[in-house]
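Visitor: Structure of the sequence below:
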Amino acid sequence: MQVVFIHGAPASGKHTIGVRLAERTGLPLFHNHLAVDTAMSLFAFGTGAFDRMRAVIWRTAFAEAAAVGKSFIFTFNPESTVDPALIQELCASVRGAGGRVHFVELVCSRETILRRLGNEDRRTFRKLTDTERYRAVEAQGGFAFPPLPPPLLVIDTDALTPEEAAGRIAAAIEACGR
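Guide: Residues are numbered from 1 along each chain as shown. Purely as a prediction, here's the structure:
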């Protein structure tokens, strides 16, 4: 069982690359906004109730997938409303069942992030789309998060298309399985 844990800033390409990787590998994509949007249907983002509900969804998804050996792709935006211990816990549930977690970090320029924030497809998941709101959250430390485990790959989404990025990730994951 393997989890491809794609993480990066807002608008770095996590969902887009995750979709392309899912198409290429046949692995299901558990996009973080599935949990975020579910929790936001009841609670405001960043409230205690929201944070707890999102964590329960993530814990359940990881634990149940690990229990049956179901590999998947997960996307994650490191930000201050997530308890860093939760990420360790998610990984431990996979590793405890004999699985592996492959971290893939997406990076791009701040200018690219600001430009991509306005993309229409971001509205589908009620993602952050307002550049002024992004700047305010950034200034308040909202995107601060301790370093995640060393990534298998760092992908510069300014330099690669989503298809090229998915190809590199798929090749790296395949090489790990040998």
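
Visitor: Quick check: buried residues in stretch 149-164?
Guide: Applying a neighbour-count criterion of 16 or more other C-beta atoms under 10 Å, one finds 151, 152, 153, 155, 157, 160, 162 buried in stretch 149-164. Any C-beta I mention is one placed from the backbone N, CA and C, and that applies to glycine too.

Visitor: what about residue 96, neighbour count?
Guide: For residue 96, the count of nearby residues is 11 (other C-beta atoms under 10 Å).

Visitor: the longest helix in this structure is where?
Guide: The residue-count maximum for a helix in the chain (DSSP state H) belongs to helix 48-68.

Visitor: follow-up on the earlier one: which of the buried residues of stretch 149-164 fall within helices?
Guide: If you go by DSSP H, these have residue 162 in helices.

Visitor: Just the pLDDT for the spatially closest residue to residue 142 that is not a sequence neighbour.
Guide: Leaving aside its sequence neighbours, residue 142 sits nearest to residue 80 (C-beta to C-beta, 6 or more residues apart in numbering; 5.2 Å). Model confidence at residue 80, given as pLDDT, is 91.

Visitor: Provide a list of residues in contact with residue 80.
Guide: With contact set as C-beta atoms under 8 Å, 6 or more residues apart in numbering, residue 80 has these partners: 141, 142, 143, 144, 145.

Visitor: Tabulate those (JSON lines), appending distance to residue 36, pLDDT and neighbour count.
Guide: Shown next, in JSON lines, are those (distance: C-beta to C-beta, whole Å; pLDDT from 0 to 100; neighbours: other C-beta atoms under 10 Å):
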{"residue": "141", "distance to residue 36": "19", "pLDDT": "86", "neighbour count": "10"}
{"residue": "142", "distance to residue 36": "14", "pLDDT": "78", "neighbour count": "17"}
{"residue": "143", "distance to residue 36": "15", "pLDDT": "85", "neighbour count": "15"}
{"residue": "144", "distance to residue 36": "18", "pLDDT": "88", "neighbour count": "10"}
{"residue": "145", "distance to residue 36": "15", "pLDDT": "92", "neighbour count": "17"}
